[in-house]
Structure formats: C-alpha cells, structure tokens
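Novice: curious how this folds, go ahead:
(one chain, ligands or ions: 1)
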Amino acid sequence: MQIGVVSLFPEMVSTIAEFGVVGRALSRELISLDIENPRDHTDDVHRTVDDRPYGGGPGMVMKYAPLAGALQVSRQRVPEGSPVICLSPQGAVFDQAVAERYAALPGMILLAGRYEGIDERLIESQVDEEISLGDFVLSGGEIAAMAVIDAVVRLLPGVLGDDESAKQDSFAEGLLDCPHYTRPEVVGEMTVPEILLSGDHANIARWRYKQALGRTQLRRPDLLEKLDLDDEQRMLLDEFLKEQKR
Ligand code: 9D3
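Specialist: Numbers count the residues shown, from 1 in each chain. Below you'll find the model as predicted:
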C-alpha cells in the first residue's frame, strides 16, 4: 500500500516510521509513506499557510493553495484513484470496519489539518472522505492520521506474524478481550484464575470467551447490542453475570 500524508508537521508523522509494526512494514517495503508539507507550496516570503476567517471570529483557517499544491505532489506518489481522506472533528467516526475498507485499497492520502480548520472549498473539491477519531478535541489531524495508518497497516497481508494475526479474531468479532496473566503465579494477595493453570484447553477457551462476553456487556454494552447472540453465547453471558461479584 502506498500512503501519502499532507501535514504542516511532517516530522511528527514520520516518527511512526521508526517503530513497531509500521516501521517494520516500511523497511520490508510492504508500504511506502510520503509526507508533503503545505508550507513547501507557498510563494510568499513568509511561507503563509493560514489566514483570518471570512466573517470574522477567532482562530485561523488553512489556505486553499498550499494544500492543493501539497495534494498535487502527494497524488504523484500514490496509485491513481487513491482517495483523499481528511482527518477532521466533522468526520464519520473511524472504526475497525473503516480500517478494513482502507486496508483493501492500493493507496490513500491522509490530510491532517491545523488551526480552526481548512477552507471548505479545498474539502469540497479535493477530499473524498472525512474521518474523526471520536468526540474529543485534538490540536490537529496528525495524531489521528498516525492512528489510522497504524490501524490500517497492521491489517495488510504479511505485516503481522502468524501469532499476532491470530489475535485479531477477538475485536474482529466485535468483543472486548479476556483478561491476561503471566508469571509469577502470586502477586501479593492476588492469584491467577485456577482454570488457566489446569491445562484443560477446551475449558480455558470457554472461560476466556465467557470473560470476553461478560466484560463487553459490563463495559461496552453498545458493542454487544450490535451482535446477535446465539443460545450458547447467552448461556455463557448469564453464567458470567451470576458469578459476577464486584
Ligand atoms: C477548539 C477548536 N474547535 C472550535 C469549535 C474546533 C476544532 C478545530 C480543529 C477542534 C479540533 C480541531 C483539530 N482536530 C482535528 O484535526 C481532528 C480531530 C479531533 O479534534 N478529534 C477527533 N478526531 C479528530 S481527527 C482530526
């Protein structure tokens, strides 16, 4: 996948190239990442990328021309037809289904804004989609773009090892994960659930699935409502809720 990013803070975005899954995908040439700075597409001495809003009011607005110039260069670095995706508080909320849709593309351009916003004419004429991380205020689109890149790249074929890939099953199923434990067996007063020490793998799998269902009900009932639980799942959830002490 070829990824383009348009940002006033290219060095912020490029840090994801240094670490972890995205870093490995880059060094193995499974993805390309090209970042274009709108400031390099200005023609005045001050390299102006923003201006005061028509109609007045606080803050500044990103100007059309520097963004259009950066996008023009970015388009040359991604396959023809790659969508321009603007990270914006006005966007549809990003989730795993959107990540999967992007992961099926040969390329995409992520546009990260700063200041109060972007001249609407740039969005109207050049942006295919607007995406938000959710209902909280960031200072700009860069961290959102980095989150999208991370979520998408780890879905690409060959990026994760077999072990890591198998783990994707749980969220893909729409459930929260079960609790995890590792050595030592005792921490102060706290022990490990006995079943995990039993070696009974069928029973362990059943316990984990029950925990996943139960925690999803308690912490994210909105996620469970989207699922159509079968009799077995409802039985496990009932068991969990009966055993529930806290
Ligand atoms: C406090 C400023 N707000 C005035 C009503 C508007 C505003 C403008 C620009 C709020 C945030 C931003 C910058 N945010 C993003 O670019 C952004 C974002 C976010 O703030 N929250 C969740 N997802 C995203 S994606 C891009």
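Novice: use CA for all of it now, contacts and neighbours both
Specialist: Fine.
Novice: can you pull out the helices in the chain?
Specialist: Counting by DSSP state H, the chain has helices at residues 10-14, 20-27, 64-75, 96-103, 120-126, 142-153, 162-166, 169-172, 201-219, 221-225, 231-243.
Novice: let me see the contact set for Pro106.
Specialist: Shown in contact with Pro106 (C-alpha atoms under 8 Å, 6 or more residues apart in numbering): Met1, Gln2, Pro79, Ser82.
Novice: pull up the residues of the chain that are close to the ligand.
Specialist: Applying C-alpha under 6 Å from any ligand atom, one finds that the chain approaches the ligand through 87-89, 113, 115-117, 132-141, 144.
Novice: of those, which belong to strands?
Specialist: Residues of these located in strands (DSSP state E): Leu87, Ser88, Pro89, Gly117, Ser132.
Novice: show me the beta-bridge partners of Val187.
Specialist: Met190 (DSSP bridges).
Novice: coming back round to it: nearest approach to His41 belongs to which of the helices of the chain?
Specialist: helix 64-75 (4.8 Å; C-alpha to C-alpha).
Novice: tell me what that closest one is packed against?
Specialist: In this structure, helix 64-75 makes packing contacts with strand 2-6, strand 32-36, helix 120-126, judged by 3 or more C-alpha pairs under 8 Å, 6 or more residues apart in numbering; DSSP states H and E.
Novice: which residues sit against the longest one?
Specialist: It stands for helix 120-126. For helix 120-126, the external contacting residues (C-alpha under 8 Å, 6+ apart) are Tyr64, Leu67, Ala68, Val84, Cys86.
Novice: repeat that for the second one.
Specialist: The set of residues external to strand 32-36 that reach it, using C-alpha under 8 Å, 6+ apart, is 1-7, 10, 13-14, 26, 70-71, 73-74, 77.
Novice: for it, which strands pair with it and how are they oriented?
Specialist: In the sheet, strand 32-36 lines up against strand 2-6 (parallel) (DSSP bridges).
Novice: average model confidence for the strand it pairs with?
Specialist: Averaging pLDDT along strand 2-6 yields 99.
Novice: relative to helix 142-153, how tilted is that strand?
Specialist: Inter-element angle recorded for strand 2-6 and helix 142-153: 170 degrees (by axes from the mean of the first three to the mean of the last three C-alpha atoms, to 10 degrees).
Novice: picking up where we left off before, pick out the shakiest of the helices of the chain, pLDDT-wise.
Specialist: Among these, helix 169-172 scores lowest, at a mean of 58.
Novice: okay, the helices of the chain in a markdown table with mean neighbour count next?
Specialist: Shown next, in a markdown table, are the helices of the chain (neighbours: other C-alpha atoms under 10 Å):
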| stretch | mean neighbour count |
| --- | --- |
| helix 10-14 | 15 |
| helix 20-27 | 17 |
| helix 64-75 | 20 |
| helix 96-103 | 16 |
| helix 120-126 | 13 |
| helix 142-153 | 21 |
| helix 162-166 | 10 |
| helix 169-172 | 12 |
| helix 201-219 | 17 |
| helix 221-225 | 13 |
| helix 231-243 | 14 |
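Novice: take these and write them to a markdown table, including distance to Gly57.
Specialist: Formatted as a markdown table, the helices of the chain follow (distance: least, C-alpha to C-alpha, whole Å):
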| stretch | distance to Gly57 |
| --- | --- |
| helix 10-14 | 28 |
| helix 20-27 | 40 |
| helix 64-75 | 19 |
| helix 96-103 | 34 |
| helix 120-126 | 16 |
| helix 142-153 | 24 |
| helix 162-166 | 49 |
| helix 169-172 | 43 |
| helix 201-219 | 40 |
| helix 221-225 | 38 |
| helix 231-243 | 53 |
